[in-house]
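S.K.: curious how this folds, go ahead:
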Amino acid sequence: MGKAFGWILMLLALYIGMTIYTEGMDQAFGGIFAPLQSQNESDRPLATALTPLAQEADPPSAGYRPRRGSVTDRVRARVSADIEAGARRRGAD
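M.R.: The predicted model follows:
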């Protein structure tokens, strides 16, 4: 009896988890697991305290995509480019 209850509980948890995974928290089971206010429906931007200069800046390594080389070489090049961009932004060369 204990094993059967364990199997039923495990299958129920699997069903609930897969339903939430496939449909999302907002639509699963008619929305009973949905938060009070979804982040998708929020009108305010997530980052509100950025300075105007920071809002105009491009993200580091934007558009930089090396095609060849090992993963470590690509990571090293990208990190070096980000460090140099940060130094230029602060005025240090």
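S.K.: return the helix or strand in this structure with minimum mean pLDDT.
M.R.: helix 52-56 (a mean of 70; mean pLDDT, DSSP states H and E).
S.K.: tell me where the protein has helices.
M.R.: 2-23, 52-56, 71-90 (DSSP state H).
S.K.: reformat these as a markdown table; add mean neighbour count and distance to residue 30.
M.R.: All C-beta atoms are positioned from the backbone trio N, CA, C, and that covers glycine. Below are the helices of the chain laid out as a markdown table (neighbours: other CB atoms under 10 Å; distance: least, CB to CB, whole Å):
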| stretch | mean neighbour count | distance to residue 30 |
| --- | --- | --- |
| helix 2-23 | 10 | 10 |
| helix 52-56 | 8 | 39 |
| helix 71-90 | 12 | 45 |
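S.K.: rank those helices by pLDDT, which is bottom?
M.R.: Set side by side, those give their lowest mean pLDDT on helix 52-56, at a mean of 70.
S.K.: now do residue 31 against residue 12, distance only.
M.R.: 20 Å (CB to CB, to the nearest Å).
S.K.: repeat for residue 26
M.R.: Per CB to CB, residue 26 is found 21 Å from residue 12.
S.K.: and residue 23, by the same measure?
M.R.: Taking CB to CB, one finds residue 23 at 17 Å from residue 12.
S.K.: do residue 30 as well
M.R.: 17 Å.
S.K.: likewise residue 20?
M.R.: 13 Å.
S.K.: please apply the same query to residue 5.
M.R.: 11 Å.
S.K.: next up, the contacts around residue 21.
M.R.: By CB atoms under 8 Å, 6 or more residues apart in numbering, the contact set of residue 21 is empty.
S.K.: so it versus residue 90, what's the distance?
M.R.: Between residue 21 and residue 90 the distance, using CB to CB, works out to 43 Å.
S.K.: how about residue 83?
M.R.: Using CB to CB, one gets 11 Å for the distance from residue 83 to residue 90.
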